[in-house]
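Visitor: Return atomic coordinates for the entry below.
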Amino acid sequence: MRPQRPCSARRLVHRLAAALTTTALALAVPAPATAVQAAAERPSSLVDPLIGSANGGNTYPGATLPYGMIAWSPTSTTGDQTSTGAANGYQYGVTRIRGLSLTHVNGAGCNPGAAGDVPIMPFVGDVTSSPSADTRDAVYASDFSHAEEKAVPGRYTLGLKSGASADLAVSRRAGVADFTFPSDKPANLLFRVSNSLNGSENAHIDIDAAHRKVTGWVLTGAFCGRRANGGVNNRKSYYKLYFSASFDRAFATTGTWHDSTLSPGSTTDSGGEGYATGADRAGRGSGGWVGFDTSSDNDVRMRIGISYVSQAGAETNLRREIPPQATVADVAEAGARAWDRELATVRVESGEPARRTAFYTALYHALMQPNLISDTDGRYYGMDGAVHRLARGQRAQYSNFSGWDQYRAQIQLLALLKPTVAGDFAQSLYNFARQNGGVWDRWVHISGATHVMTGDPSAATLATFYAMGVRNFDYEGAFDSLLRQATVPHPDGLLDAGCPGQCVGQRPNLAQYLTSHYAAQDVCHCWGGAAETLEDAVADDALARWAKLLGRDTEAAALAERGAYWRNVFNPNATATGGYIQARNLDGSWVTPFSPGSDRGFAQGTSATYTWMVPQDVQGLATAMGGREQAAARLDGFFHNPDGSWSVRGGDALRYDPTNEPGIHAPWLYNALGQPWKTQATVRQILNTVYGTGPSGLPGNDDLGTMSAWYVFSALGLYPQTPGSANLLLGTPVFTSAVLDRPGRTDIRISAPEADATHVYVDAVRLNGRTEGRSWVGPGLTLRGGTLAFGLSEQSDTGWATDPADLPN
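Guide: You can find the predicted model right below:
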């Protein structure tokens, strides 16, 4: 509990202003849907931000809004000032922090993750040495108990064992905090400006005691810069975060530090930490502190704005988004309403409370991104290092694109539920490409091209957006640009910089690929030749579908042919028991030795997993395996142990891995193989045993909402068929009713009256009142809305949706 504070005259003024402030904030945030207002349960009340904060989920529990720029959350420590408990700053089992930082990325890997800029630490005690010299976080950090922690959408509260506490709430680009201190001990607030999760090139702080302000910036970047597989190439800066903090009371003391030098009374300092880790970086950095007399009033209120453009931008963002007298409660309530509005896009009925919590938390995580990088005046920092302004018609410049992950599920959910945001995101990516010499990067963080992972996911992403009806972007220009990337070799494609995990070439050694029709393992300048071939085939097939919709039949035909290049890395004689995807050399020979459980030629996965990564041509893959029956039997072995028991939790190189993306579509392949009841059973098994509530409720890295989007789709009984398509595969809903309330489009209504724990199987479907005998629906449902009515059974129906003429793909 927060300590009781005396009621000062200053606090009375705040209370008298509260009513006016609440009205202003209510006008700033659109009201939620009427149905939500009338409901006994607000969607935001069902969200548990701590889900995914253990078990490698890498989520963060702090305060943020949908697509927000600010994400105010802890930076935890295990005793190394250059590291943290888990990627992105928080791990549920680590209960010591060194600050509450202003920016985070949801679920990314590459420990320590991304961002975590400007940790702000309420410190009880005198500052007698440089916090940067506290390399083991022994002094200027504090333990906490989860009993003193509360996380809800838009608000985060934490009590520290030092006696200090923090109560944080945010708008999209700004926040307000109440820091409470013991009244009988020194009270200080540390601004660790250089201590971003990956380090920093430089940082700066200014303290203006006369105006009760602290301002500064950090120049940083370096996502995945610690990776052993080429990460050193990413140890560079690509954005500067500015902040401006103002206080409701005077400073009693001030001071700054640089490296090991402490300067009491100083008001300005600078210095970065570099991008190394451990002893190579420890002890470096800069920051400052402000102290307060808390003997008569132990609560300190701070208002803070951030910007990637300028100091003035940070102050303008704060001024426009949070009224001067706003309390934490005011801002938190506005944030809850914003989340209610977003989450009410999907309204579900029935289902046990734990299922609803898992569902709405997954939807919450899926709709955290993309993230704003443009200011309230429309300016943003571009990939070319220049400041740009939004063009007419674009509402926001978004970033944080984990393409290799997101194109498989999160992108489709965004297009389905929030097409306007999807269009602004598409335009944002196109803007970045134009600022980057025409190159579309596969992993964009803020304004930086980080090159992480493999393939060309931008092509699959924008093709999917267009197929799903997103039109508020320059789709002709974007298509031409992506077509050029797919057909004209770029010099970067012959470089090994960043390889294998962050290869700078987005279409590596394209000339060889276009000649050989596969990425040769020995000359591909990529993570793995087999994986690169599969990724590029998916991307090219998606571009082909887009070209067809644009009426560009010549390009569509050529790209569709390339979409079948996966066949060139399928070795029918890979093993004595069957064919597998296998890497090849330039001379056409297969890379040996080969084992289905090996990752040679692949990226974060094995041949056993990647062999199923042909969503665009499941019928062709089945034929290559000897037919649908043989393929289904092999798929059975992918999800089951030899004794028939389930194997869906990962850890077996030969079987399904729910913790990473290359195989997450595999449970849905049974639909195309004529055995949809197995999709229904397998998906339900994964929902029940791999996902759940509590900190370990995600199977692995959420990867900017990708794993959460998989859960949302699967719980609704739907899943995207393949990138570049608006078709949806059908599974078993877990809720008796669901309404997808889509702005500017007709709703999608799903009913399954028998839905419960035992009714796992589908025995009938009606689409808009007409009997549907297929295990998939075409683009009409996505584009025009409609109703899906499921009849469910406790026993598998081995006759429904099995006609070979009606199978997907």
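
Visitor: Leaving out chain neighbours, which residue sits closest to A726?
Guide: Nearest non-adjacent residue to A726, counting by C-beta to C-beta, 6 or more residues apart in numbering: P779, 3.5 Å away. Every C-beta, even on glycine, is put in place using the N, C-alpha and C of the backbone.

Visitor: The one you found: how many residues sit nearby?
Guide: By other C-beta atoms under 10 Å, the residues close to P779 number 15.

Visitor: thought it was touching G724?
Guide: No: assessed by C-beta atoms under 8 Å, P779 is found out of contact with G724, at 11.2 Å.

Visitor: so what's in contact with those two at the same time?
Guide: Residues touching both P779 and G724 (C-beta atoms under 8 Å, 6 or more residues apart in numbering): A467.

Visitor: The residue nearest to A726 and M368, how far apart?
Guide: P779 sits 27 Å away from M368, going by C-beta to C-beta, to the nearest Å.

Visitor: Repeat that for D797.
Guide: Applying C-beta to C-beta to D797 and M368 gives a distance of 38 Å.

Visitor: more crowded one of those two?
Guide: Counted by other C-beta under 10 Å, D797 and M368 do not tie: M368 has more neighbours, with 28 against 17.

Visitor: how about that one, what does it touch?
Guide: Contacts of M368 (C-beta under 8 Å, 6+ apart): T64, P66, Y67, G68, A71, N106, L704, G705.

Visitor: ok, now with 10 Å
Guide: Residues near M368 by C-beta atoms under 10 Å, 6 or more residues apart in numbering: 49, 59-60, 64-68, 71, 104-107, 153, 342, 400, 410, 702, 704-705, 708.

Visitor: part of a helix, is it?
Guide: No: the assignment for M368, made by DSSP: H, G, I helix; E, B strand; the rest coil, is coil rather than a helix.

Visitor: So for it, what's the pLDDT?
Guide: Per-residue confidence at M368 stands at 98 (pLDDT).

Visitor: Relative to A63, how far out is it?
Guide: Computed as C-beta to C-beta, the M368 to A63 distance reads 12 Å.

Visitor: Find the residues that touch each one of these two.
Guide: In contact with both M368 and A63: P49, A71, P153, using C-beta under 10 Å, 6+ apart.

Visitor: Any idea what the second one is bridged to?
Guide: Read that as A71. Judged by DSSP bridges, the bridge partners of A71 are T64.

Visitor: Give me the distance between it and A141.
Guide: The value you get for A71 to A141, if C-beta to C-beta is used, is 21 Å.

Visitor: Does S447 touch N371 like I think?
Guide: No: with contact defined as C-beta atoms under 10 Å, S447 does not reach N371; the gap is 11.8 Å.

Visitor: lowest-pLDDT helix or strand in this protein?
Guide: helix 34-38 (a mean of 37; mean pLDDT, DSSP states H and E).

Visitor: Can you tell me the closest non-neighbouring residue to D763?
Guide: D797 is the one closest to D763 (C-beta to C-beta, 6+ apart), at 4.0 Å.

Visitor: correction: G159
Guide: E148 (3.2 Å).

Visitor: State the helix or strand in which that neighbour lies.
Guide: strand 142-152 (DSSP states H and E).

Visitor: Mind giving me the packing neighbours of that strand?
Guide: strand 71-76, strand 96-101, strand 120-124, strand 155-160, strand 165-170, helix 328-343 (3 or more C-beta pairs under 10 Å, 6 or more residues apart in numbering; DSSP states H and E).

Visitor: Adding distance to G744 and mean neighbour count, write the ones you listed out as TSV.
Guide: As requested, the helices and strands packed on strand 142-152 are exported to TSV (distance: least, C-beta to C-beta, whole Å; neighbours: other C-beta atoms under 10 Å):
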stretch	distance to G744	mean neighbour count
strand 71-76	28	28
strand 96-101	36	25
strand 120-124	40	24
strand 155-160	30	23
strand 165-170	27	26
helix 328-343	15	23
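
Visitor: And the spatially most central residue of the chain, how far from S399?
Guide: The residue lying closest to the centre of the chain (C-alpha atoms, centre = their mean) is L704, at 1.0 Å. L704 is 11 Å from S399, where distance means C-beta to C-beta.
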